[in-house]
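Chemist: no sequence for this one, just the structure:
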């Protein structure tokens, strides 16, 4: 109760504080905006007007000149000249892509020369979305990275987050495999929480699409190819409809999101209609192309493989038999490239995008739709397709006091795959002389495969259907000058359905008498609504500018999950219809409610456009915590000083066109923990009719807190042609909400509690952008970002007594491998040896003393935009410096059954302790030695890579040609994704290891604006 | 309405609205208990749900390492230390039990120990819940308490025999239990006997629905007889076992040895059903683990030791019915064959895992 009173007290103070800021009502009567009215008495006489349109580099051809409010207009010619019949009260609108529109009244003039200003040179003027407010790039006090439509739109990918790879400092996005629709992992400035498992991950950022929070937890999947990362909750968005993605990183930017901001915030904004004088604007984009796996592992061919096997038996002095060497009894000449068979296919990609938009001074709208389809690189009839529709409406009253915006995004996608546990394993390790997959009659060949046909997994189809609706409406009314009342209403609904079918056909016919056809079903529904009333005030008092904001959030989410299994179908065609199953079982049926409530505010102060202070704060309440711990406060202060505004700098350092020093400090939290954890409850047992307690209950656990500190310097040289940003950050995540270890005598081994464990993330972020050339016909821009991250578990008392003891080490990064110390090849046995550190004759975690950082050491991206006349080229390189488990960890000892990497060919095999490969042997002792070695530092290899992430070349058809056909713009383009990767890593994917690597895709297409 | 009036009042209205919104926050973040969870208090508020808590314990006895019959169960680990079983593959944890040199890190040992206390926690939580309960009828309360005491005694009986002095946990409060010291063997046996006597006093003499999965009075007696046997109190052991054997309406010896371990066989005093696994196609873990159809591997790591097999005289029917062999190239493995089903092929469960058996109770007497 005390808490309650205190809370109300704080609220009252907040309110008084807020209301004191707004000017008293009588100011509203001050006559402003009604001073005088212009009366037009002149007749609208027709006359000819002509002129030249230029930019700083000379005359501009192809500029659209339009009489405002009509559809009459023309284009400038090769010399930038135009001529038009106008009325003397008309206004002309000059527009050109990449340049600011200019509106100029005729006012009786007969010549009117115009200079256009490029958008590019005004990078500092770009409005950045900071969530509840926007801020000019120049004036921001926080750390916000941004990618825009131009960088995203052409990429032939399904998940928006993948578009961020390599483009932002401090943002690590790792595509988990080349399987379409999977959730990528995203970490903004490192791992903050110790809880990093699929089911309990405290490191997910907050996703907000057009003001509506989207649950960032990957969608659950039971499939073997999709289960581990889970499916992307954003996959049903239309990539071409994204206007920008902003990532908020530091305390100043994230504290306004309070308890949900600890891991950063990803803001996705969709496109809106343009003001276009009521003219309908039609845009079409179409591309098509192919994808395939970019690389293979180099494996032994049949001759090499058979040789290896025979030598192994020779070395061991063992006679090969049907039992220990079926592969030596198979055809000794036959050769199959199993990588080719399992994922060597070519997938076709096609994407169509249409939108129409229009708008006048008060209302704009955009209506769009898209269709995306992909095939598969796997054998069989699988694939992915997605249909989206989007609508955006903006309306302002004539006096600009009332604004309304509405955006709705709907998407449905359908992912057809198969449930394969062993796909990669089969592709990499089947003996190259393995028998044929099919018999002559087209049925699976089981008998020659003594243990099961590897292709049977293709016959377990998996289908995932996602249905997502995201809608947001915002209204605002300025009832006193500068003071606005606003409200956002958002709704999101995501239905996800998965069916995995396992027909008898997928089993060996010998077992058909004891196996059943079965199906696994999952139904997920995530529904959420949000209401955010806000008050906003902005005003200037001389050199002093104030921007304030106060608001409330009410959010309620319902997450439902139903998992069922159907067993025993009488006919293959009925599989999946639960009503036809002999037996159905529901394994999980959860209905989780999550309510969230907050009051937040911002106070932005600015003196003379030089000194900036930004205060943000939030008081949060979340239903994930017990009654005593439901509310908590978060806040941050950010400040910036644009020192290039100082006369001293202006005078003495004219080369410095821009200079800003900024810093921020604040706290955020994380409520990314399972729901209802504070309740002392029983749950149904897996067996029927029973209830049991599944955990110990601690009603008093609380938020993980995250303190963020940042300083940064931003410099612009030579009229901002060179921009440099250097930032340093430190995030301390403490109060870690983990399982507090308990002796087993309590019935359980841990209880959820806040531990005084601290994770420290620091790092340097460097961003450089340069305009290398900016001539009329030739321009070249370069963007570079680099990040040097460092994560350390700086404190964790009594870690040795917790279940984390074999996973984390105090004083080391979080993403580590604990390994044996490799001790060379034993000269006696010819086998790998690892050190028995404590000499107890056993190999266990006590001996795994080598600690290797498996996270990124540093990473970055380099992109270039080059334009020559109508031709433009963009490309992005991604570089990551890191370690990973080498290819040897997926294998068994050299000499044993199963294909091996060419690394083990003769010249590198040490029979008497020479070389770095153990002797060929198929004995258990050899496998034992090998399995220890792959848990040693021998198995860690350099997995740094440089990848040409995207490259696109486009040609814009000359407007003089297009204008005849009423076409505004038409361009053709070729785009490639993951074209090549340079790496020393010998496995499939340097980032994730042995998975289907991210596909390499080449597409070409056309974009048309009418 | 003039403008001034409007503006002044707008402020007031806004103030009231927003103030109202703020104060409603507290309630807003209060969520109801979802329907896949039941608050402990509610569980012990009606006969039905309280009964489910006991059903939950029996279900979990199958999934529990201790009593499930799997690789970390008493059956296997004690069988290894007694040299009845031997490892057929390289498995460090099991080999340590076979050689009776169990290291601190042995995960099988940890699993056995922690699962035992997990079941004890469930029993204690039930007893605590029933203690505070007002909604459960007194007959049901007595019966459920008796059963919970029985299971608790059963677990402590194994704990004290495996580990000697162990902490005697009798509450569900982890704050207290976390620092509980070890108790003497006498104290532990005193609780076991007390629990079983209370169980005998309140439990009935028939089985619910003919299923021998919930202990009746005789199950408690049979266990108590065994307890006295271990305490070398032969007289009391005889007294209690005589009572069990006397209950001929419940128990009899079966001549067909292949039928002894079937579900609800008349030799069974108390069984654990694989139904606890939650799967439709389910079978005893013993059957799945012991029966060797291919070369031993991680899933079938054990066989009967040759010395144990040799102890059976030629004409012993048990050797014929309850032991089977698998031959691979030049090795022959003997394996326990009390349970005949390795993989269930239909939804009806034919075999239950035997915990207390009439035949043995007779042997106590002898």
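Modeler: Thanks, I have the structure now. What you see is a predicted model, and the numbers here were worked out from it, not measured in a lab.
Chemist: residue contacts, the spatially most central residue of chain A?
Modeler: Per CA atoms, centre = their mean, the C-alpha nearest to the average position across chain A is that of residue A:161, at 2.3 Å. Residue A:161 makes contacts with A:173, A:184, A:186, A:232, A:234, A:266, as judged by CB atoms under 8 Å, 6 or more residues apart in numbering or on different chains. C-beta: built from backbone N, CA, C; applies to glycine.
Chemist: give me that answer again for 7 Å
Modeler: A:173, A:184, A:186, A:234 (CB atoms under 7 Å, 6 or more residues apart in numbering or on different chains).
Chemist: ok, so of these, who is nearest chain B?
Modeler: The closest of the contacts of residue A:161 to chain B turns out to be residue A:234 (CB to the nearest CB; 26.0 Å).
Chemist: For the closest residue to chain A within the stretch 251-366 of chain B, which non-adjacent residue is closest in space?
Modeler: Taking CB to the nearest CB as the measure, the point where the stretch 251-366 of chain B comes nearest chain A is residue B:278, at 2.7 Å. Leaving aside its sequence neighbours, residue B:278 sits nearest to residue A:686 (CB to CB, 6 or more residues apart in numbering or on different chains; 2.7 Å).
Chemist: what about the residue nearest to the centre of chain A, is that helix, strand or coil?
Modeler: helix (DSSP: H, G, I helix; E, B strand; the rest coil).
Chemist: interface residues of the stretch 201-350 of chain A facing chain B?
Modeler: residue A:323 (CB under 7 Å from any CB of the partner chain).
Chemist: In the stretch 201-350 of chain A, what residue lies closest to chain B?
Modeler: Nearest to chain B in the stretch 201-350 of chain A, going by CB to the nearest CB, is residue A:323, at a distance of 6.6 Å.
Chemist: quick one: the closest residue to that residue other than its chain neighbours from residue A:107, how far?
Modeler: Spatial nearest neighbour of residue A:323, chain neighbours left out: residue B:329 (6.6 Å); criterion: CB to CB, 6+ apart. Between residue B:329 and residue A:107 the computed distance is 104 Å (CB to CB, to the nearest Å).
Chemist: just residue A:46 next, same as before
Modeler: Residue A:46 is 15 Å from residue A:107, by CB to CB.
Chemist: do the same with residue A:860
Modeler: In terms of CB to CB, residue A:860 sits 52 Å off from residue A:107.
Chemist: ok, these two, which is more surrounded?
Modeler: For residue A:860 versus residue A:107, neighbours defined as other CB atoms under 10 Å in any protein chain shown are more numerous around residue A:860 (19 against 10).
Chemist: Who does the more buried one form a beta bridge with?
Modeler: Counting by DSSP bridges, residue A:860 is bridged to residue A:786, residue A:879.
Chemist: show me the contacts for it.
Modeler: By CB under 7 Å, 6+ apart, the neighbours of residue A:860 are A:784, A:785, A:786, A:787, A:879.
Chemist: which one among those residues gets closest to chain B?
Modeler: residue A:787 (36.6 Å).
Chemist: hang on, the earlier thing: how about TSV for the contacts of residue A:161, with neighbour count added?
Modeler: Listed next are the contacts of residue A:161 as TSV, based on neighbours: other CB atoms under 10 Å in any protein chain shown:
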residue	neighbour count
A:173	20
A:184	23
A:186	22
A:234	25
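Chemist: Report the separation between the closest residue to residue A:459 other than its chain neighbours and chain B.
Modeler: Nearest residue to residue A:459 in three dimensions, chain neighbours excluded: residue A:506, at 4.3 Å (CB to CB, 6+ apart). Remark: distance between residue A:506 and chain B (CB to the nearest CB, to the nearest Å) = 16 Å.
Chemist: Give me the neighbour count for residue A:506.
Modeler: 22.
Chemist: what does residue A:108 give?
Modeler: 11.
Chemist: and the closest residue to it other than its chain neighbours, what does it touch?
Modeler: Once flanking residues are discounted, residue A:108 sits nearest to residue A:88: 4.6 Å by CB to CB, 6+ apart. Residues near residue A:88 by CB under 7 Å, 6+ apart: A:44, A:45, A:47, A:106, A:107, A:108.
Chemist: okay, now the residue of the stretch 201-350 of chain A closest to chain B: neighbour count?
Modeler: By the criterion of other CB under 10 Å, residue A:323 has 10 neighbours.
Chemist: Repeat that for residue A:79.
Modeler: 12.
Chemist: Any figure for the gap between the residue nearest to residue A:108 and residue A:138?
Modeler: Here the criterion is CB to CB. By it, residue A:88 lies 39 Å from residue A:138.
Chemist: same question, residue A:440
Modeler: 73 Å.
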